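# Need the 3D shape of this:
(chains A, B, C and D)
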Number of protein chains: 2
Amino acid sequence: MNKQRVTVKEVAKRANVSLGTVSNVLNEPSRVAKTTRDRVLKAIEETGFVRNTAARQLRGAGSKAVGIVVLDSSNPFFTEIIRGAEDALREEGYVLIACSTDESQAVESQYLSLLEEHRVEGILITPSTKDLSRINALTQKGLRVVLVDRKTKRKDICSVTVDDVYGGTLAVEHLISKGHRRILFINGPQTIRQCYDRRAGVLSAIEKHRNIDPDVTLLEFEVPSLTLSAGENASLQVLSCSYDFTAIICANDLLALGVIRTCSKLGVKIPKDLALVGYDDITFASMVSPSLTSVRQPQQELGSQAAQLLLDELREKNHKHQEVRFSPTLIPREST
Amino acid sequence: MNKQRVTVKEVAKRANVSLGTVSNVLNEPSRVAKTTRDRVLKAIEETGFVRNTAARQLRGAGSKAVGIVVLDSSNPFFTEIIRGAEDALREEGYVLIACSTDESQAVESQYLSLLEEHRVEGILITPSTKDLSRINALTQKGLRVVLVDRKTKRKDICSVTVDDVYGGTLAVEHLISKGHRRILFINGPQTIRQCYDRRAGVLSAIEKHRNIDPDVTLLEFEVPSLTLSAGENASLQVLSCSYDFTAIICANDLLALGVIRTCSKLGVKIPKDLALVGYDDITFASMVSPSLTSVRQPQQELGSQAAQLLLDELREKNHKHQEVRFSPTLIPREST
DNA sequence: ATTCATAGTTGAAACGTTTCAACTTCTGTG
DNA sequence: CACAGAAGTTGAAACGTTTCAACTATGAAT
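Okay, the predicted model is just below:
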């Protein structure tokens, strides 16, 4: 078992050339005469030489590594984003370091330090707090940062976001076009940015239509968390109180799945008795019965766009910082 | 914007000590007098010095990076594994590089090269082919490799796997204990190792019980892919042919979800008319109605154990290579 | 035959650490 | 007061690359 790593020096000796020539073959092949080049390539082949990124980096090349810091890499939303970024980066020979913070300040901080030590060329991040000071410190040091699913007023940082306000209006527009007038919105705590924005979209769309048709009304119900059981509880309360509505919009699909479960227990028929729109278009939205109409966010694209922005920032001297905003789309299914 | 990185030299100058002392503070603090140490730490603090992993690595320290190569990092099965590995590695100051191959040889090969260039200390991998020659080449070079969800006869490689055979018997045992005698097994192509193994477990359990009670019988149905629609089709065919069985085992949860959909359309009541067991215990197994009894694999643990094995291999001089095999567990729910 | 440009090649220096042998100070002992 | 040993500190060398000024060889033009 040969644990000795092959170096440029060895390749050079075997090919009877100097270090510099081997390096030239690797980096600027046109500078080297064809016969020499072939000899060197053969030597590389034979020795199994592999470039050492660390040494290159020390000499000024980039680390060819990028970090992605998210709340939870096993959460489907981030999973897709990571995948999108990974693919975009691989094409350029970059490698992606995955970091899950679980919203813990301490872990986020540890990861950012590790990434700094590794001298990653850039970081894609969904910050776990409102406070961007740690991130500012990084950009101060010249590290490139792209915010994912988070905006900032600073004009010197790129960001990619999804338009949650628009997503809210999409849901309302869809229901109204299906003839619904009295809509219930089951939302999570408004301290969550997404919930706040989606509600804003719902409200503005309702407002707009009420100007035309005064029958259009909105009921609201706030739940403490965006979970299946919260959806079950909410729909149970709301259906037994005989509120007056013909459709429900949920702030995410889990809530909507809870509503479906309650309805099937209570014998409420979807979509006949009640229409239902979810949000996120998780994989299983299409698999439940009835399948769930939902607002889809282009997650893979979010990730790949974030990576593209970062790459552009790394390459282009006169890179323009920008905020890329994606629009969600409504996927109509059986539940409406 | 100060893009100049701080080096040990600068810290040393500011603290009025030599390079060596700064290094000692970093690596062997007890060797340095307290007053000096404090002075150096203060200088580190003030300058915002961050160690350069690349330079350390060049001097012999490890790269403090590990790669994980899977078929698809956005597939929930791998997602959990990655997460498990990530956490275990972070605790030891390691960083995890995520690589999705989509079962492409070319991509796998590219990633392995990138990981080699980065001199990762080890690789966790679910090989995309039966052929382990590329991996052998890596271990030849002294790279540590741990196989994930894949066995090998070689005794010099660690692996973590789940006992799919046992999972198959678990499903059968559960149904038999619930009083079922005539069971249908909907399986995928046996070229997939998991399908092959699960079937072996099902067969042996059936065999065992038939020796006691000759009424115990197994029907089999093979579908081309492990998808929801394949499950729908299979159950449609099988239910309309009025085969004689009271329970179904599906080779994975997607198939089982398909069965549930068909049953709800045909008015077949689960579990009254028909019991159903899935495999994988995907998140939504607990969310559908009726909720799905399923065989769960300890994915996070798989990932963290793989990472632990790797770390042990990196640290312990006399590391024992081993194959760790996890047992799945059956999660009973409404569908049985 | 001489000069000049071009193409190809060389090897020392530099990148930011860690290591280690050598050095300096300090402390306590006889 | 001399000395040994311990405790603390130093700085050159090394890790594996890339860069670049300097060098050599090869023709082409005069």
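
# While we're on residue A:2, how confident is the model there?
We have a pLDDT of 49 for residue A:2.

# ok, now how distant is the residue of the stretch 201-336 of chain A found nearest chain B from residue A:79?
Ranking the residues of the stretch 201-336 of chain A by distance to chain B (CB to the nearest CB) places residue A:284 first, at 4.3 Å. All C-beta atoms are positioned from the backbone trio N, CA, C, and that covers glycine. For residue A:284, the distance to residue A:79 (CB to CB, to the nearest Å) stands at 14 Å.

# Could I get the full set of strands for chain A?
Applying DSSP state E to chain A gives strands spanning A:65-70, A:95-100, A:122-125, A:144-148, A:158-162, A:182-187, A:217-222, A:247-250, A:275-280, A:293-296, A:323-326, A:329-331.

# avg pLDDT for the fourth one?
This means strand A:144-148. Mean pLDDT, taken over the full extent of strand A:144-148, equals 96.

# Tell me the helices and strands packed up against that strand.
Under the contact criterion of 3 or more CB pairs under 8 Å, 6 or more residues apart in numbering or on different chains; DSSP states H and E, strand A:144-148 touches strand A:122-125, helix A:133-140, strand A:158-162, helix A:299-315.

# of all these, which lies closest to DNA strand C?
Between DNA strand C and the helices and strands packed on strand A:144-148, the tightest spacing by CB to the nearest atom of the strand is seen for helix A:133-140, at 16.5 Å.

# just the angle between the closest one and strand A:65-70, please?
Computed by axes from the mean of the first three to the mean of the last three CA atoms, to 10 degrees, the angle separating helix A:133-140 from strand A:65-70 equals 160 degrees.

# which helices and strands sit right next to helix A:133-140?
In terms of contacts (3+ CB pairs under 8 Å, 6+ apart), helix A:133-140 is packed against helix A:105-117, strand A:144-148.

# For residue A:202, give its distance to DNA strand C.
Distance of residue A:202 to DNA strand C, given as CB to the nearest atom of the strand, to the nearest Å: 52 Å.

# Same question for residue A:260.
Noted for residue A:260: a distance of 56 Å to DNA strand C, by CB to the nearest atom of the strand.

# tally of neighbours for that residue?
30 (other CB atoms under 10 Å in any protein chain shown).

# Tell me who's in contact with the closest residue in space to it that isn't next to it in sequence.
Using CB to CB, 6 or more residues apart in numbering or on different chains and skipping residues adjacent in sequence, the residue nearest residue A:260 is residue A:288, 6.1 Å away. Residue A:288 is in contact with A:257, A:260, B:284, B:287-288, counting by CB atoms under 8 Å, 6 or more residues apart in numbering or on different chains.

# What lies in contact with stretch A:45-53?
A:5-8, A:10-11, A:14, A:26, A:43, A:61, A:63-64, B:54, B:58, B:113, B:116-119, B:137, B:141.

# Then stretch A:264-279?
A:167, A:171, A:174-175, A:178, A:180, A:198, A:236, A:239, A:246-253, A:255-257, A:259-260, A:262-263, A:285, A:290, A:292-295, A:330, A:334-336, B:289.

# Selecting buried members of these in ChimeraX, what would you type?
Selection of the buried residues among the contacts of stretch A:264-279 in ChimeraX, burial being defined by 16 or more other CB atoms under 10 Å in any protein chain shown:
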select /A:167,171,174,175,180,198,236,239,246,247,248,249,250,251,252,253,255,256,257,259,260,262,263,285,290,292,293,294,295,330,335,336 /B:289
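
# Please determine how far residue A:98 is located from residue A:121.
Applying CB to CB, the value for residue A:98 to residue A:121 is 16 Å.

# Repeat that for residue A:296.
Spatial separation of residue A:296 from residue A:121 under the definition CB to CB is 31 Å.

# And residue A:90, by the same measure?
Between residue A:90 and residue A:121 the computed distance is 14 Å (CB to CB).

# May I have the helix-or-strand element of chain A with minimal mean pLDDT exported as CSV, CA atoms only?
Ranked by mean pLDDT, DSSP states H and E, the weakest helix or strand in chain A is helix A:133-140, scoring a mean of 90. C-alpha atoms of helix A:133-140 as CSV (Å, rounded to 0.1, in the frame of the first residue of the first chain):
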residue,chain,number,x,y,z
SER,A,133,-23.2,41.5,11.6
ARG,A,134,-21.3,38.3,11.5
ILE,A,135,-21.9,38.2,7.7
ASN,A,136,-20.8,41.8,7.4
ALA,A,137,-17.6,40.8,9.1
LEU,A,138,-17.0,38.2,6.4
THR,A,139,-17.6,40.5,3.5
GLN,A,140,-15.3,42.9,5.2
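
# Would you mind getting the angle between it and strand A:144-148?
Angle between the axes of helix A:133-140 and strand A:144-148 is 140 degrees (criterion: the same axes, to 10 degrees).

# hmm, who's touching helix A:133-140?
Contacts to helix A:133-140, defined as CB under 8 Å, 6+ apart, come from residues A:108-109, A:112, A:116, A:123, A:125, A:127, A:145, A:147, A:154, A:156-157, B:1-2, B:48.

# Name the nearest residue to the residue nearest the centre of chain A, ignoring sequence neighbours.
Central residue check for chain A by CA atoms, centre = their mean: the C-alpha nearest the mean position is that of residue A:81, 3.5 Å away. Once flanking residues are discounted, residue A:81 sits nearest to residue A:303: 3.7 Å by CB to CB, 6+ apart.

# could you measure the one you found against residue B:128, distance?
Residue A:303 sits at a distance of 22 Å from residue B:128 (criterion: CB to CB).

# and residue A:267, how many neighbours does it have?
For residue A:267, using other CB under 10 Å, the count is 7.

# For residue B:65, see how far away it is.
Taken as CB to CB, the span from residue A:267 to residue B:65 is 56 Å.

# Tell me how chain A divides into domains.
Under the assignment automatic domain parsing, the domains of chain A span A:8-51, A:65-163+A:300-326, A:164-296.

# Format those domains as JSON lines; extra columns: distance to residue B:37.
Converted to JSON lines, the domains of chain A look like this (distance: least, CB to CB, whole Å):
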{"stretch": "domain A:8-51", "distance to residue B:37": "38"}
{"stretch": "domain A:65-163+A:300-326", "distance to residue B:37": "20"}
{"stretch": "domain A:164-296", "distance to residue B:37": "44"}
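
# looking at those domains, which is closest to residue B:212?
Comparing the domains of chain A by their distance to residue B:212 (CB to CB), the top pick is domain A:164-296, with 38.2 Å.

# returning to that earlier point: tell me the one of the contacts of residue A:288 nearest residue B:102?
For the contacts of residue A:288, the nearest to residue B:102 is residue B:284 (23.5 Å; CB to CB).

# Need the pLDDT of that closest one.
At residue B:284, the model reports a pLDDT of 84.

# just residue A:252 next, same as before
Note for residue A:252: predicted pLDDT of 94.

# mind listing what it touches?
Counting by CB under 8 Å, 6+ apart, residue A:252 touches A:188, A:226, A:278-280.
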